[in-house]
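1. dropping a prediction and its sequence here:
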Amino acid sequence: MENNLLNAVKEAGIVGAGGAGFPTHVKLNAKAEYIVVNGAECEPLLRVDQQLMAYKTKEILSALDIIVKETGAKKGIIALKEKYKKAIENLNTNINQFQNLEIFKLGNFYPAGDEQITVYEVLKRIVPEGGIPLGVDVIVINVETLLNVYNALNGTPVTDKYLTVTGEVRNPVTVKVPIGISVKEAIDLAGGPAISDYAVIDGGPMMGKIISDINQPVTKTTKGLIVLSKEHTLIQSKEKSIATMLKLARTACCHCSQCTEVCPRNLLGHKIHPDKLMRTASYGSTCSDSSTLTEAFLCCECGLCEQACIMGLQPWKLNRFIKSQLGEKGIKNDNSRKPIDTNPFRDYRRFPVKKLVARLGIEKYDVDAPLPLKEGTKNEYKTIKMNSRQHIGAAAEPTVKVGDIVIKGQLILDVPDNKLGAKIHSSIDGTVKEIQQDYILINK
Ligand code: SF4
Ligand code: SF4
């Protein structure tokens, strides 16, 4: 019989709240020696996880304790940055109530929250190339996901999302919103845009993507919305096409290897050399027999190589392009080495977040989170749009029909048992207005 934890997590439709949306009931259906909570929140400007650890401390610790017991883990370790003083204080006050939980303080470098980097920092275990933390007996879980597990065990499914709205807005805020409200409505909760000609990044400044339509809905994986002028260098660099970037690379790449020197996956001991991939793309040769295009599969797209490149080139964009091209041809990652040791200079090449913030030109937005965390809004939303794909795997299928009356927390989209995916519940009381292949609209 399926255990209570997995069943509750599955029924609540929990997915990794900080990344690609991997279904949590699948991730937790394993045994591991350690559960590591990824509380690094290393993307500048985002303030969700650090505030949840500070103000939902007991809930997060209780959920972690249950997961540790259910997975047979030896220990649960919350990895968070040393600078998150309030979160550390509150965790330390409560952690003694739990036997096998502890905290680990991370330095303020990027990308401390890349799960392979977090695992190495905490346990000195190197995840093999192309592998996942379970390969070294570790499950990594996101902070907000833990809060969702706590709620699920108390019978509440995922209907809301915490997100930071910042940048060129009147009052930056970290707030809980119903999933399915529009990006525009979420930005209005921060007082609206402070400028007229703006672009919005979904996620952090480093890995976030530009939102093409502000009417699109907030989903289970929305973590932050950053409003910036369309002229901002960060927006310009994200919008640069791969063709333009490669054209520049042909004349500007001086083969300095700085991109490879800072690459966190290379420093971990993985065989990835962004400088060589840039050479391949520019000249059709790596000048090396030992480098192949499939190295691109080892790139986590953290974007640090761009910040190290004095020419402003974007090896990460090339890697993303190579991965999609190889994928279309059915070519898979063939790198699976298990490094025994990291690069000996790794400790000296960590990229400080302060330097990163300065390079990105976002110092003025790098402010402390307003406290306390805003638990929801008084706004009544007339319509919500629930995307049927808010997770990795198959799209969820409607369990309701047009005209049905639904209540908050009611299942509206489900995934067949034999497919990977996560259930989706209504985030408001209302009536089903429209059903399309990609979404369901619900009117208040
Ligand atoms: S850092 Fe820039 S210029 Fe140097 S090798 Fe990498 S892409 Fe080329
Ligand atoms: S984005 Fe750049 S720095 Fe980050 S893993 Fe990929 S190649 Fe390395």
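-> Looks like it arrived, so ask away. From a predicted model like this one, the values you see are computed outputs, not experimental measurements. Ligands and ions are numbered 1, 2, ... in the order given.
2. say whether ligand 1 is contacted by the lowest-mean-pLDDT helix or strand in the chain.
-> Lowest by mean pLDDT, DSSP states H and E among the helices and strands of the chain is helix 274-283, with a mean of 86. Yes: using Cβ under 6 Å from any ligand atom, helix 274-283 reaches ligand 1 at 275, 278. No exception for glycine: its C-beta is placed from N, CA and C like everyone else's.
3. how about that helix and ligand 2, touching?
-> Yes: with Cβ under 6 Å from any ligand atom as the criterion, ligand 2 is reached by helix 274-283 at Pro274.
4. against which helices or strands is that helix packed?
-> helix 242-252, helix 258-262, helix 315-328 (3 or more Cβ pairs under 8 Å, 6 or more residues apart in numbering; DSSP states H and E).
5. what angle do that helix and helix 315-328 make?
-> Relative orientation of helix 274-283 versus helix 315-328 (axes from the mean of the first three to the mean of the last three Cα atoms, to 10 degrees): 70 degrees.
6. next secondary structure after helix 274-283?
-> helix 304-308 (DSSP states H and E).
7. output that next one as PDB, nothing but the C-alphas.
-> The C-alpha trace of helix 304-308 is given here as PDB (Å, rounded to 0.1, in the frame of the first residue of the first chain):
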ATOM      1  CA  LEU A 304      27.900  32.500 -14.800                       C
ATOM      2  CA  CYS A 305      30.100  32.000 -17.900                       C
ATOM      3  CA  GLU A 306      28.500  35.100 -19.400                       C
ATOM      4  CA  GLN A 307      29.400  37.200 -16.300                       C
ATOM      5  CA  ALA A 308      33.000  36.000 -16.500                       C
END
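8. contact residues of the chain facing ligand 2?
-> Residues of the chain lying near ligand 2 (Cβ under 6 Å from any ligand atom): 263-265, 272, 274, 299-305, 315-316, 319.
9. so which of the helices and strands packed on helix 274-283 gets nearest Ala112?
-> Shortest distance between Ala112 and those, using Cβ to Cβ, is found for helix 258-262: 13.8 Å.
10. who are the packing partners of the closest one?
-> Partner elements for helix 258-262 (3+ Cβ pairs under 8 Å, 6+ apart): helix 274-283, helix 304-308.
11. does ligand 1 sit close to that helix?
-> Yes: Helix 258-262 is in contact with ligand 1 by Cβ under 6 Å from any ligand atom, via 258-259.
12. now what about the helix or strand just after that helix, what contacts it?
-> Per DSSP H and E, helix 258-262 leads on to helix 264-267 as the next helix or strand towards the C-terminus. With contact meaning Cβ atoms under 8 Å, 6 or more residues apart in numbering, helix 264-267 is reached by 111, 114, 116-117, 260, 272-274, 298-300, 302, 304, 342-343, 345-346, 349.
13. same question, stretch 435-444
-> By Cβ under 8 Å, 6+ apart, stretch 435-444 touches 180, 217, 380-389, 395, 398, 400-402, 406, 412-413, 426, 428-434.
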